[in-house]
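*Asks:* Build me a model:
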Amino acid sequence: MLDKIKYLTPREIVSELDKYIIGQNDAKRNVAIALRNRWRRMNAEKEIQNEIIPNNILMIGTTGVGKTEIARRLAKIADAPFTKVEASKFTEIGYVGRDVESMVRDLVEQSVNLVKNKKKDDVREKATQLVEDIILDVLIPPMKPSSLRHQRTIDGEKEAEPQDDYELNEKTREKFREKLKRGELDDRKIEINIRQPANSGIGMIGGGMIDEASMINLQEMVGNMLPKKNKKRKVTIEEARRILIEDESAKLIDMDEVKEEAIAKAENTGIIFIDEIDKIAGSNKKGGSGPDVSREGVQRDLLPIVEGSTVNTKYGVINTDHILFIAAGAFHVSKPSDLIPELQGRFPIRVELDNLTKSDFYRILKEPKNALSKQYEALFAAENVEIRFTDEALEEIAETAFQINEEVENIGARRLHTVMSKLLNDFLFDVPDMIGPNAKIVINKEEVSEKLEGLVKNKDLSQYIL
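*Replies:* The predicted model follows:
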């Protein structure tokens, strides 16, 4: 389960993160150590494994500096189930809204999908063969072998008929099988049966008196008792192959095994990212009522989940002791010390992320694998139009974004999306009507200055603020 991170040292993990995230070296080092520690725990002596708890991380930094991206990329590196939640969306137990346990159920759902997709890949070859047979049965229904062969007489001697109808049918099927494999029949339409899950028709009972996990389990139980319905659809063979492979793959995997493996994967490698945790931090004001009480209530509900507890899900009971929790917040108004002491203690690693500089903006535009300039190049390439940015143009874009952040509101790297959109929207609108295929567009410093001049001068940028 943890083989993938076995071979990634903390330095290698940081190197992978560097491909997508500029700067924030301290944060990268800490999450890299946390990830490697998971493999170390699983390979420690059995009697101490359960005693080694993860060092949860609290990231402190303004919006758009890379907090969420670090956590998301970390999960991808480890091939681990990952879920992102916003602390401000939770409500205290007894109030209408999401309860904190829902984030654990979301994590298990992600884990089930990961395991299920992996197992589907393992049986895909067998499923593909079964689907070929299903499609062939529609195109050329199979025949049973004849019990008696037709005979003919040649020069007074009886000889078996070289081909009966069955053999001819089989040869035709094999010819069509080869055509299927080569995709020659992809556009032909056929009628197939598609399994549809039965609808249990059960809604919330008793005004929300039943908890979410129990309701989900009840719906699944009733759904499993109801017969699956088949629906006929006329689709192309290409689409039929896609639908049927998914269906046949699902039949070939053992869902009990998937659930068991998914629970273990979520428990040992799961990552829950709690964003906007500063929004539930109380102020220093004294008093026993008001919004601070509700925020503290959410913190107290979070505490047992982060400390380690069991949560009921529709796939089984999960223990949260070894899930890695990464929390993040800007902490403009409140401070980390405004969180209740018990919750502070469950996030022993604190990392303060740096504000982005002009140089960082330039590197973000140019260096990462998913750099914004590369994304726009891909969008234009889809229309067979080439767009290229000069270094001076990227420097000017970075300067503009940094200046707007300084003067209006600092939204970090997200400001680059605002600026690039303003710069390129006219081109995107004119392609392909006015700017046809094989055209080449070069964005230079002068072009950037001209397009963004009004954006910089206009101090009322509310329409551009994300």
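
*Asks:* any low-confidence regions in the stretch 51-200 of the chain?
*Replies:* Low-confidence segments of the stretch 51-200 of the chain (pLDDT under 70): 92-97, 145-164, 196-200.

*Asks:* One more pass at 80, please.
*Replies:* Of all residues in the stretch 51-200 of the chain, those with pLDDT under 80 make up the ranges 91-98, 144-166, 195-200.

*Asks:* can you pull out the strands in it?
*Replies:* Secondary structure of the stretch 51-200 of the chain by DSSP state E, counting those that start in this stretch: the strands cover 57-60, 82-86, 151-154, 157-160, 189-196.

*Asks:* Name the residues that touch the first one?
*Replies:* Identification of contacts with strand 57-60 by Cβ atoms under 8 Å, 6 or more residues apart in numbering yields 27, 30-31, 34, 67, 70, 277, 324-331, 336, 347, 349-353. C-beta here means a position set from N, CA and C on the backbone, and glycine is covered the same way.

*Asks:* Now list the buried members of those residues.
*Replies:* 27, 30-31, 34, 67, 70, 277, 324-331, 336, 347, 349, 351, 353 (16 or more other Cβ atoms under 10 Å).

*Asks:* From those, which land in helices?
*Replies:* Among the buried ones among the contacts of strand 57-60, DSSP state H puts Ala27, Asn30, Val31, Ala34, Lys67, Ile70 in helices.

*Asks:* Closest to Thr269 out of these?
*Replies:* Ala34 (11.5 Å; Cβ to Cβ).

*Asks:* So for that closest one, what's the pLDDT?
*Replies:* As predicted, Ala34 sits at a pLDDT of 93.

*Asks:* how far away is it from Ile77?
*Replies:* As defined by Cβ to Cβ, to the nearest Å, Ala34 lies at a distance of 12 Å from Ile77.

*Asks:* what about the strands in the stretch 201-350 of the chain?
*Replies:* So, for the stretch 201-350 of the chain - with DSSP E, counting those that start in this stretch - the strands run 229-236, 271-275, 310-313, 316-319, 324-329, 349-352.

*Asks:* tell me the mean pLDDT over the third one?
*Replies:* The predicted model assigns strand 310-313 a mean pLDDT of 95.

*Asks:* Pull out the buried positions in that strand.
*Replies:* Buried residues in strand 310-313 (16+ other Cβ under 10 Å): Val311, Asn312, Thr313.

*Asks:* Dig out what the second one forms beta bridges with.
*Replies:* Read it as Asn312. Counting by DSSP bridges, Asn312 is bridged to Val317.

*Asks:* Now Glu342: closest residue in space, sequence neighbours ignored.
*Replies:* Leu303 (5.4 Å; Cβ to Cβ, 6 or more residues apart in numbering).

*Asks:* Surely the one you found is in contact with Phe347?
*Replies:* No. Applying Cβ atoms under 8 Å as the test, Leu303 and Phe347 come out as separate, 11.2 Å apart.

*Asks:* now the ones in helices among the buried ones among the contacts of strand 57-60 as TSV including distance to Thr128?
*Replies:* Listed next are those as TSV, based on distance: Cβ to Cβ, whole Å:
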residue	distance to Thr128
Ala27	43
Asn30	44
Val31	39
Ala34	40
Lys67	42
Ile70	38
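
*Asks:* Now do the longest helix belonging to the chain: distance to the chain's middle.
*Replies:* Using DSSP H, we find that the single longest helix of the chain is helix 101-122. Centroid separation between helix 101-122 and its chain, computed with Cα atoms, centre = their mean, to the nearest Å, is 11 Å.

*Asks:* Likewise for stretch 171-185?
*Replies:* The answer for stretch 171-185 is 37 Å, by Cα atoms, centre = their mean.

*Asks:* now the stretch 301-450 of the chain, which segments are flagged as low pLDDT?
*Replies:* For the stretch 301-450 of the chain, no range has pLDDT under 80.

*Asks:* Okay, helices next: where are they in it?
*Replies:* 341-345, 358-366, 372-381, 391-407, 414-430, 445-457 (DSSP state H, counting those that start in this stretch).

*Asks:* looking at the ones you listed, which is closest to Glu125?
*Replies:* If we rank those by Cβ to Cβ, the stretch that ends up nearest is helix 372-381, at 31.6 Å.

*Asks:* re earlier: can you lay out the helices of the stretch 301-450 of the chain as JSON lines showing distance to Val100 and mean neighbour count?
*Replies:* Below are these laid out as JSON lines (distance: least, Cβ to Cβ, whole Å; neighbours: other Cβ atoms under 10 Å):
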{"stretch": "helix 341-345", "distance to Val100": "12", "mean neighbour count": "15"}
{"stretch": "helix 358-366", "distance to Val100": "34", "mean neighbour count": "20"}
{"stretch": "helix 372-381", "distance to Val100": "35", "mean neighbour count": "16"}
{"stretch": "helix 391-407", "distance to Val100": "33", "mean neighbour count": "20"}
{"stretch": "helix 414-430", "distance to Val100": "27", "mean neighbour count": "17"}
{"stretch": "helix 445-457", "distance to Val100": "41", "mean neighbour count": "15"}
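
*Asks:* List the contacts of the closest residue to Phe380 other than its chain neighbours.
*Replies:* In space, and not counting its chain neighbours, Phe380 is closest to Ile387: 4.4 Å by Cβ to Cβ, 6+ apart. By Cβ under 8 Å, 6+ apart, the contact list for Ile387 reads Tyr376, Glu377, Phe380, Leu424, Phe427, Lys440, Ile441, Val442, Ile443.

*Asks:* If we use 10 Å, what do you get?
*Replies:* By Cβ atoms under 10 Å, 6 or more residues apart in numbering, the contact set of Ile387 is 373, 376-381, 424, 427-428, 431, 435, 439-443.

*Asks:* what bridges to it?
*Replies:* Under the criterion used (DSSP bridges), Ile387 bridges to Ile441.

*Asks:* how far away is it from Lys440?
*Replies:* 8 Å.

*Asks:* before we move on, the earlier item: could I get the buried residues of strand 310-313 as JSON lines with distance to Glu395?
*Replies:* Listed next are the buried residues of strand 310-313 as JSON lines, based on distance: Cβ to Cβ, whole Å:
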{"residue": "Val311", "distance to Glu395": "50"}
{"residue": "Asn312", "distance to Glu395": "55"}
{"residue": "Thr313", "distance to Glu395": "50"}
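
*Asks:* ok, the residues you listed vs Thr172, which is closest?
*Replies:* When those are compared for distance to Thr172 (Cβ to Cβ), Thr313 wins out at 50.7 Å.

*Asks:* surely that closest one meets Glu267?
*Replies:* No. If you go by Cβ atoms under 10 Å, Thr313 and Glu267 don't touch, sitting 11.4 Å apart.

*Asks:* between the two, what contacts are shared?
*Replies:* Contact criterion Cβ under 10 Å, 6+ apart; residues shared by Thr313 and Glu267: Leu107, Val108, Ser111.

*Asks:* Name only those of those residues that count as buried.
*Replies:* Leu107, Val108, Ser111.

*Asks:* isn't the first one right next to Ile274, touching?
*Replies:* Put plainly, it is Leu107. No. The criterion here is Cβ under 10 Å, and Leu107 misses it with Ile274 at 11.6 Å.

*Asks:* Find residues that contact each of those two.
*Replies:* Shared contacts of Leu107 and Ile274, counting by Cβ under 10 Å, 6+ apart, come down to Thr83, Val85.

*Asks:* Next SSE downstream of the helix or strand hosting Arg38?
*Replies:* Per DSSP states H and E, Arg38 falls inside helix 25-42. The helix or strand immediately downstream of helix 25-42 is helix 46-49, counting by DSSP H and E.
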